[in-house]
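Colleague: Any chance you can model this:
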Amino acid sequence: MTNHQTSRRRFLAGIGAAGTSALLAGCVTDTSSSGSSSDKGGPVALQSNLSAPQAKAAMEDLVSAYGKKGSKRVSLNTVAAETFRTQLPTYLTSSNPPDVYTWYPGSVADAYAKKNLLLELDDVWAESPDLKQYSKALQSLCTASSGKKVFVPTTYYWWGMFYRKSNFEKWGVSEPQSWDDFLDMCDKLKTKGISPIGLGAGGNTPWVASAWFDYLNIRINGATYHRELLAGRHRFDDPEVRKVFDRWREVLPFFDPDGTAVAFQDASTSLLNGRSGTMLIGTFFADAAPKDALDDIDFFRFPIIDPKVPVAEEAPTDGYFATARTGRKDDVGALLQYLATPEAQEIYLKGSSGTALPCHPKAKDTGTALVKKGRKHVAEAAEITQFFNRDSSDALQPSADNALTKFIARPKDIGSILTDWQRDAEKIWQA
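Modeller: Got it, this is the predicted structure:
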């Protein structure tokens, strides 16, 4: 085991042990350039991946509100989400990178911090009266394995099996309470000519398939095993992982045949239009949904498979980190402190679909029935996971994309697929 692996595994173990209640208790200039950190007198360049219409508008509201407070100007650059995902390492290693980025805490941020690409934010956390109120678990999630804070969290959300209430009523089905109930529901929908399960792992969003791997693994093998697997302490060709795919094969006939041909945005549209019945997705999909559809959207917990396994849920945290190469450290710090306030988080939630939850303990969520149910859903979980790349690294995600889309296309080849996945993962862990 390498020193790199050892330190990362200790880091993952530390953030993974947090309980649910602990974890979750500028004028706007929208340009096509990536921004630059070289001009100390210029605006703070904020690179955002929140490109869905409502999310983008909410970010514009947020930086506009910051500017009206007499603060330093912020140049907001919104990049298509999947372009941002693939280009982030390039942004951070460029000679003049943008100053601040929307992204994720935990191991994914730690991977960049280990390469000395992220600005240390201990001073920001120490000087902010708001960040002092954040839970110890959130503080841990934002701390790199070096012991330095590198992230400011602002919202979190949940994953679940989403559907439209009016469609379920029309089709005569209800939320399943067990895995067998789920299979029965899917069979009923399929006989009606409806694709029971939408996926959206085509185009440039193959990562959506990882949600199915994550949930099946935490339902069958538990959250601790899942995190250890993603940290390299188990093998992807272990018998325990094979059990995940045995279960997946049971439900695979109910997936939309175009599941690996269309992106999640198109799959979301199919869900909203009633062409598919359910979809395992995060609440972010609602940022592209018509406002008048939001009250009709509901979800149920991913079915329990083994009642003896403590219930874990995926509830990723979002927020911001900054480049270590910024020439505007003080201005960056001021912006990050503002983003940590209840005011900022409420502005964002109001402007977006409002389906996320604020990280600040005093910030108000939108109070909708969906949000109340989501908050309860997360609070009742025995453990919280993030998402495949967030519990491992951005570098490991392509190995999952490759393996999982191959499995969906050729489930009988699972043995060789897992062997190849382990080989590809080892290259990442040993790098």
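Colleague: contacts and neighbour counts: CA atoms only from here.
Modeller: Will do.
Colleague: so A288 touches S51, yeah?
Modeller: No - counting by Cα atoms under 8 Å, A288 stays clear of S51, with 9.5 Å between them.
Colleague: got a list of what A111 touches?
Modeller: Residues near A111 by Cα atoms under 8 Å, 6 or more residues apart in numbering: S393.
Colleague: Would you mark the buried spots in stretch 115-125?
Modeller: By neighbour count with 16 or more other Cα atoms under 10 Å, stretch 115-125 contains the buried residues 117-121, 124-125.
Colleague: Please apply the same query to stretch 214-231.
Modeller: Within stretch 214-231, the residues that count as buried by 16+ other Cα under 10 Å are 214-223, 225-231.
Colleague: tell me how far that stretch is from the chain's mean position?
Modeller: Centre-to-centre, stretch 214-231 and its host chain are 16 Å apart (Cα atoms, centre = their mean, to the nearest Å).
Colleague: end to end, how far does that stretch reach?
Modeller: Separation of the first and last residues of stretch 214-231 by Cα to Cα, to the nearest Å is 14 Å.
Colleague: State the three-state secondary structure for L335.
Modeller: Per DSSP: H, G, I helix; E, B strand; the rest coil, the local secondary structure of L335 is helix.
Colleague: check contacts around it.
Modeller: Here L335 is in contact with Y66 (criterion: Cα under 8 Å, 6+ apart).
Colleague: Mind pulling the model confidence for it?
Modeller: For L335, the pLDDT comes out at 97.
Colleague: before we move on, the earlier item: among the buried residues of stretch 115-125, which one sits closest to R328?
Modeller: The nearest member of the buried residues of stretch 115-125 to R328, counting by Cα to Cα, is L119 at 11.0 Å.
Colleague: Just give the closest residue to the closest one, not the sequence neighbours.
Modeller: A324 (3.9 Å; Cα to Cα, 6 or more residues apart in numbering).
Colleague: same thing with L216?
Modeller: Leaving aside its chain neighbours, L216 sits nearest to V244 (5.7 Å; criterion: Cα to Cα, 6+ apart).
Colleague: Show me the shaky parts of the stretch 251-400 of the chain.
Modeller: The model of the stretch 251-400 of the chain has no residue with pLDDT under 70.
Colleague: Which parts of it are strands?
Modeller: 276-282, 297-300, 312-314, 317-322, 357-358, 383-385 (DSSP state E, counting those that start in this stretch).
Colleague: ok, residues contacting the first one?
Modeller: For strand 276-282, contacts defined as Cα under 8 Å, 6+ apart pick out 157-164, 167-168, 189, 194-199, 208, 211-212, 256, 268, 270-271, 302.
Colleague: hang on, the earlier thing: list the ones among the buried residues of stretch 214-231 that fall in helices.
Modeller: In helices, judged by DSSP state H, the following of the buried residues of stretch 214-231 are found: 214-220, 223, 225-230.
Colleague: Can you point out the buried residues in the strand or helix carrying R85?
Modeller: If you go by DSSP states H and E, R85 is part of helix 81-93. Within helix 81-93, the residues that count as buried by 16+ other Cα under 10 Å are 81, 84, 88, 91-93.
Colleague: Equivalent analysis for stretch 310-322, please.
Modeller: For stretch 310-322, the neighbour count (16+ other Cα under 10 Å) marks 310-322 as buried.
Colleague: Check stretch 267-285 too.
Modeller: 267-272, 274-285.
Colleague: and F407, how many neighbours does it have?
Modeller: Neighbourhood size, F407 [other Cα atoms under 10 Å]: 20.
Colleague: which one is it nearest to, not counting chain neighbours?
Modeller: That would be I414: by Cα to Cα, 6+ apart, it lies 6.1 Å from F407.
Colleague: Could you do V251 as well?
Modeller: Using Cα to Cα, 6+ apart and skipping the chain neighbours, the partner closest in space to V251 is L183 (6.8 Å).
Colleague: name the element that neighbour belongs to?
Modeller: According to DSSP H and E, L183 maps onto helix 179-191.
Colleague: How far off centre is the helix or strand just after that helix?
Modeller: Helices and strands here follow DSSP H and E; after helix 179-191, the next one along the chain is strand 195-198. Distance of strand 195-198 from its chain centroid, counting by Cα atoms, centre = their mean, is 22 Å.
Colleague: and what of stretch 376-388?
Modeller: With Cα atoms, centre = their mean, you get 12 Å for stretch 376-388.
Colleague: Give me the buried stretch members for that stretch, please.
Modeller: Of the residues in stretch 376-388, 377-379, 381-388 count as buried by neighbour count, 16+ other Cα under 10 Å.
Colleague: Ok, stretch 362-371 next?
Modeller: By neighbour count on 16+ other Cα under 10 Å, the buried set for stretch 362-371 is 363, 365-366, 370-371.
Colleague: first to last residue in that stretch, what's the distance?
Modeller: The first and last residues of stretch 362-371 sit 16 Å apart, counting by Cα to Cα.
Colleague: Outside of that stretch itself, list whatever touches it.
Modeller: 295, 297-298, 341-343, 345-346, 349-350, 354-358.
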